[in-house]
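Visitor: no FASTA, just this:
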């Protein structure tokens, strides 16, 4: 199944100043078995949190590529893109990723399960929210992407494309999703960031 790898963390000054310096050598990733696309963006909220998203045919393809010695310089370089520890997640995706990753703005929500709560129930509620957003909510781009993190069993990600951050905020303020989001908040804490993802040229 296709997998989406998501890394986020505080961006280094060097990365903020010259993000293109951290792009993989042209053609290296595009010729790698199982690689589909990579995107990068900074959080609109502060411009200092960096988000890198990569789409692979499967987790096995991604793992094999990352372990290949020829990728060691790239892995090291990307480490320099963050000024602190970066969180890394992987979610299985069966839906078309185009709308979520190429929209004018992408909202990335990361839910962290509260003690004593059920991860399966959290995933169900997040799935319900995703379905609602895909049902014609003004400003939302269908389909949304969501899933449990393969690297942290206590986290669930929801990625949705929007016309703008303001469009997303208007839906939140409008309260149409308050019921389902209330269920989510009972089960998890969350962070949200908006970014404009740029597709890599590699």
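Guide: That came through, no problem. As the structure is a computational prediction, the values presented were derived from the model and not from experiment.
Visitor: how about the helices in this protein?
Guide: 13-17, 59-67, 72-79, 98-102, 119-133, 165-174, 178-187 (DSSP state H).
Visitor: Pull out the buried residues from the fifth one.
Guide: Of the residues in helix 119-133, those scored as buried under the neighbour-count criterion (16 or more other Cβ atoms under 10 Å) are 119, 122, 123, 125, 126, 127, 128, 129, 130, 132, 133. Every residue, glycine included, has its C-beta placed from N, CA and C.
Visitor: Minimum distance to residue 31: which of the helices of the chain has it?
Guide: Smallest distance to residue 31 across these (Cβ to Cβ): 10.7 Å, for helix 59-67.
Visitor: helices or strands next to that closest one in the packing?
Guide: The contact analysis (3 or more Cβ pairs under 8 Å, 6 or more residues apart in numbering; DSSP states H and E) places helix 59-67 against strand 3-10, strand 49-56.
Visitor: which neighbours does the last one have in its sheet, and in what orientation?
Guide: Its sheet considered, strand 49-56 pairs with strand 3-10 (antiparallel), strand 35-42 (antiparallel) by DSSP bridges.
Visitor: starting at the chain centroid, how far to the last one?
Guide: In terms of Cα atoms, centre = their mean, to the nearest Å, the centre of strand 35-42 is set 10 Å apart from its chain centre.
Visitor: What angle do helix 59-67 and that strand make with each other?
Guide: 70 degrees (axes from the mean of the first three to the mean of the last three Cα atoms, to 10 degrees).
Visitor: Pull the residues that contact strand 35-42.
Guide: 2, 11, 16, 19, 24, 29, 48-57, 61, 65, 101, 106, 195-200, 202 (Cβ atoms under 8 Å, 6 or more residues apart in numbering).
Visitor: repeat for the first one
Guide: Around strand 3-10, the neighbours that count as contacts under Cβ under 8 Å, 6+ apart are 48-59, 62, 78, 82-93, 97, 108, 110, 145, 150, 157, 159, 193.
Visitor: closest one to residue 43 among the helices of the chain?
Guide: Residue 43 lies closest, by Cβ to Cβ, to one member of these: helix 165-174, at 10.2 Å.
Visitor: OK, contacts around residue 50?
Guide: Counting by Cβ under 8 Å, 6+ apart, residue 50 makes contact with 7-11, 15, 40-43, 81-82, 86.
Visitor: how close does the residue nearest to residue 9 when sequence neighbours are not counted sit to residue 92?
Guide: Spatial nearest neighbour of residue 9, chain neighbours left out: residue 86 (3.3 Å); criterion: Cβ to Cβ, 6 or more residues apart in numbering. Counting by Cβ to Cβ, to the nearest Å, the gap from residue 86 to residue 92 is 21 Å.
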